[in-house]
Structure formats: C-alpha cells, structure tokens
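Trainee: sequence and predicted structure, then a few things I'm wondering about:
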Amino acid sequence: QMQLVESGGGSVQAGGSLTLSCTYSGDGFTISLSGWYRQPPGKERVSVATLLSDGSTNYADSVKGRFTISRDEGRKTVYLQMNSLKPEDTAVYYCVQSAARAGSYSSSYYWGQGTQVSVSS
C-alpha cells in the first residue's frame, strides 16, 4: 500500500505563492502518474496538474502559467508550486499517484488526505 501525505497548505493573500508537498511511502512501486486535484467548497474535485512518467505535464487552463508540478524521486516527494494565487484557487488540494507494484501490470490510484489552501482578496 502506498501512502501519501500532503503539506504546505495555508492562508495567503491574492498574488502570493505557496508550495504544496506530497511525500509518499512504500517500496517496490512503479509510478506512472503523479497529480494534484482540488475541491473548492461545495464543488466537485477536479484535476489541477499531472506529471507522467515520461516527464510530460498537463495543467488545467485556470492554472496554466501559474502552477508547476514536479517530482523528486530521491525524496519521494511531489510538489505543486503555486504562484499568483487568486481567491478562486481556494480549495482542498489532494495529491494522487497511479502506481503498480513491481511485477504487476495492474495499477492503483492512491490519494492523500488533502491540505487546505485559502486565498483572500
């Protein structure tokens, strides 16, 4: 079982920056996707940024040019650098990874418990 723990959330004024971290544990996994989702109050959870094993990234239109996803395999940590934050970025942010155990062709999605980001105007 892979476990993910997010950190770095908090309250910031519009225009500010935050960096979210997601540290994952568990050995013997091949990670095919790392990502960040967010769930604003009263709304559905949506994808913010994804990073595939080939290094390609994808971002929601609303965060392009402001957010950057990265992964440090040595530290087993996925990051989301968030700049020029807006009040509409307020949400609970969740880390997710798609990974398969060594020797298995079957991948599973693993989620963190989320971290709150609040942006005031």
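Mentor: Happy to help now that I have it.

Trainee: direction included, what does the helix or strand hosting S21 pair against?
Mentor: Assigned by DSSP states H and E, S21 belongs to strand 18-25. Looking at strand 18-25 with DSSP bridges, its partner strands are strand 3-7 (antiparallel), strand 77-82 (antiparallel).

Trainee: what's opposite the residue nearest the centre of the chain in the beta bridge?
Mentor: Nearest residue to the geometric centre of the chain (CA atoms, centre = their mean): W36, 2.5 Å. Listed beta-bridge partners, W36: A49, C95 (assigned using DSSP bridges).

Trainee: can you pull the contacts of it?
Mentor: Counting by CB atoms under 8 Å, 6 or more residues apart in numbering, W36 touches 20, 22, 47-50, 67, 69, 78, 80, 93-96. Placement of C-beta: from N, CA and C, glycine included.

Trainee: which residue sits farthest out from the middle of this structure?
Mentor: Most peripheral residue of the chain (CA atoms, centre = their mean): G103, 26.2 Å.

Trainee: name the SS class of that one, please.
Mentor: With DSSP: H, G, I helix; E, B strand; the rest coil as the basis, G103 sits in coil.

Trainee: still on that earlier bit, what separation do you get for the residue nearest to the centre of the chain and A49?
Mentor: 5 Å (CB to CB, to the nearest Å).
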